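J.: Any chance you can model this:
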Amino acid sequence: MREHERDIYVRKARGEGYRSRAAYKLKEIDRRDRLLRPGMTVVDLGAAPGGWSQVVRERLGRQGTVIAVDMLEMPSLAGVTFIQGDFTDVNVLRAVREAAAGGVDLVLSDMAPNMSGVRTVDQPRMMYLAECVLAFAAHALKPGGDLLLKVFHGEGFDELLRMLRARFAKVAIRKPDASRDRSSETYVLARGLVYSEVQAG
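T.: I've put the predicted structure just below:
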C-alpha cells in the first residue's frame, strides 16, 4: 500500500483526473506508435475502471467511437459506450458489432487474470486470456486493424507471438515506463490484420 501511495503515476493520475495509473502506459505507447486517430472505432476490453477508455476518448476528440467492455460495472464516461459482460460470450461480440457499425479499427486489452501468486498457475491463465483476446480481435477487427494487449513473459509467450505474426503484418513488443520494473508484464502491438473473421464471414 505504501508503494502504491508513493507511486509517481498514481499521484499523477489523481492530479490529472485519470481513473488508473494504467492510463500512462497507453499514452506512452500511443505517443511512440501513433495508435489513436480521430474517427477510429476502438474497443477497450476489461475496461474498468476506465483509465484506458479516458485516454482513447481524449485522443479521438469528438470523432470516432469508443466501446468499453467489462464483466464488472464501470461508472459512465462521456462519449464511451459501455457493454457489461464476458467478452468471450458471443452475445457480447454481437453487441460490440452493433455498436461499431462501420467495423473496429483497434482492440485494446490491459487485462490480467486474478493472480494467485503462483507463477506456474498464473502464466498459463494469462496466456489463455491473451489467446481469447486474439480470437475476439480476429472476429471484431476489420482488415488492416490493430491489436494492443498485455501479456506476461514466460511459457507460451513465443507461441503467442507466432500466432500474432500469422494474423498481422507487423508485431512489436513494448514496455512503457509506467509499467513497474518488477512486473513481468509486456505489451504486444500487432498492426495490420491480414486475415479477418469478419471478412471470412
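
J.: Okay, now the sheet partners of the longest strand anywhere in the chain, with direction.
T.: Longest strand of the chain, by residue count under DSSP state E: strand 141-152. Partners of strand 141-152 in the sheet, by DSSP bridges, are strand 104-109 (parallel), strand 185-193 (antiparallel).

J.: Buried deepest among these, which one?
T.: strand 104-109 (a mean of 26; mean count of other CB atoms under 10 Å). Using the backbone N, CA and C atoms, a C-beta is placed for each residue, glycine as well.

J.: average pLDDT across that one?
T.: Regarding strand 104-109, the rounded mean pLDDT is 98.

J.: The closest residue to residue 126 other than its chain neighbours: neighbouring residues, count only.
T.: Distance criterion CB to CB, 6 or more residues apart in numbering; nearest residue to residue 126, sequence neighbours excluded, is residue 152 at 4.7 Å. By the criterion of other CB atoms under 10 Å, residue 152 has 22 neighbours.

J.: Residue 152 and residue 120, how far apart?
T.: Separation of residue 152 from residue 120 (CB to CB, to the nearest Å): 12 Å.

J.: Then residue 58?
T.: 39 Å.

J.: of the two, who's got more company?
T.: Legend: neighbour count by other CB under 10 Å for residue 58 and residue 120, higher for residue 58 (14 against 9).

J.: quick one, phi/psi of that one?
T.: With angles defined as degrees, to the nearest 10, residue 58 sits at phi -60, psi -50.

J.: Next one, pLDDT for it please.
T.: 95.

J.: Strands of the chain, residue ranges please.
T.: Under DSSP E, the chain gives strands at 41-45, 65-70, 80-84, 104-109, 141-152, 168-174, 185-193.

J.: For the ones you listed, give me CSV that also has distance to residue 12.
T.: Converted to CSV, the strands of the chain look like this (distance: least, CB to CB, whole Å):
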stretch, distance to residue 12
strand 41-45, 20
strand 65-70, 22
strand 80-84, 21
strand 104-109, 20
strand 141-152, 20
strand 168-174, 19
strand 185-193, 19
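
J.: Thanks a lot, catch you later.
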